[in-house]
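A.B. asks: just the structure for this:
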Amino acid sequence: MAQALDPALMRDLTEAKAALARHGIVIIRTIETDLEPALMSAAKSSMASSPGRLRKLDEDELDKFSEKLRKTSLQSAKELKELYVRLMAKLGTEDLGDLAIELEGIEQLFKWERVSKAVEPVNQKLAEKGFAPIVLEGPDDISESFELELEERWPPAFERFKLLVDQSVVMLKEDVIDREKGSPRRKIKKAQPRE
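C.D. replies: Reported below is the predicted structural model:
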């Protein structure tokens, strides 16, 4: 059905998908490399803020607990990375109607609110030893480049791609209706992304 799309719209759609994929890859790589250290740094601060509880752990217990925290942090970062990889793979969906539906979920999950949930497994481990929970306040707690990608580059790239997908779906539906009626396809004025 994509052959029914206007070539200029198809070109714009392809370019928008490539731009979105680039930003998604940067976000995923940052999660892979920087999220675990940010979680561990926050966990160590939580432990240091409770010196009484920290003293109750002998050196062996502290080493084992620190290793558990590290593994938990790594696992949490890995799970988030894998989720985002699966979501980005959905951009390759050929059926634009299915893609439009998938974009709703992707939009909800590529947000700081979802990333910040990576602290939950670490907080469970900290609670087991009586330490205070950790909070990552914002994407800059992971890195400045992560904040830039997640909050400044991803949203407009996503909005542009979503707008073009929605526009393409409308064009394809109208093309089907026109073919069923036996009339030539009407031109659809291209929508412009919001500033």
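A.B. asks: the closest residue to F131 other than its chain neighbours and I134, how far apart?
C.D. replies: Excluding its sequence neighbours, the residue lying closest to F131 (CB to CB, 6 or more residues apart in numbering) is S46, at 5.0 Å. Using the backbone N, CA and C atoms, a C-beta is placed for each residue, glycine as well. Separation of S46 from I134 (CB to CB, to the nearest Å): 5 Å.
A.B. asks: got the contact list for the residue nearest to F131?
C.D. replies: Residues counted as contacts of S46 (CB atoms under 8 Å, 6 or more residues apart in numbering) are L126, F131, A132, P133, I134.
A.B. asks: and those, which is closest to L54?
C.D. replies: F131 (8.3 Å; CB to CB).
A.B. asks: list the contacts for that closest one?
C.D. replies: A43, S46, M47, S50, R53.
A.B. asks: give me the pLDDT for it.
C.D. replies: On pLDDT, F131 comes in at 96.
A.B. asks: and stretch 98-112, C-alpha only, in PDB?
C.D. replies: The C-alpha trace of stretch 98-112 is given here as PDB (Å, rounded to 0.1, in the frame of the first residue of the first chain):
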ATOM      1  CA  ASP A  98      -0.200  -0.800  12.900                       C
ATOM      2  CA  LEU A  99       2.700   1.600  13.200                       C
ATOM      3  CA  ALA A 100       0.300   4.400  14.100                       C
ATOM      4  CA  ILE A 101      -1.100   2.300  16.900                       C
ATOM      5  CA  GLU A 102       2.400   1.300  18.200                       C
ATOM      6  CA  LEU A 103       3.500   4.900  18.300                       C
ATOM      7  CA  GLU A 104       1.000   5.600  21.000                       C
ATOM      8  CA  GLY A 105       2.700   3.200  23.400                       C
ATOM      9  CA  ILE A 106       6.200   4.300  22.300                       C
ATOM     10  CA  GLU A 107       5.300   7.900  23.100                       C
ATOM     11  CA  GLN A 108       4.200   6.900  26.600                       C
ATOM     12  CA  LEU A 109       7.400   4.900  27.300                       C
ATOM     13  CA  PHE A 110      10.100   7.100  25.900                       C
ATOM     14  CA  LYS A 111       9.700   9.500  28.800                       C
ATOM     15  CA  TRP A 112      11.600  10.300  32.000                       C
END
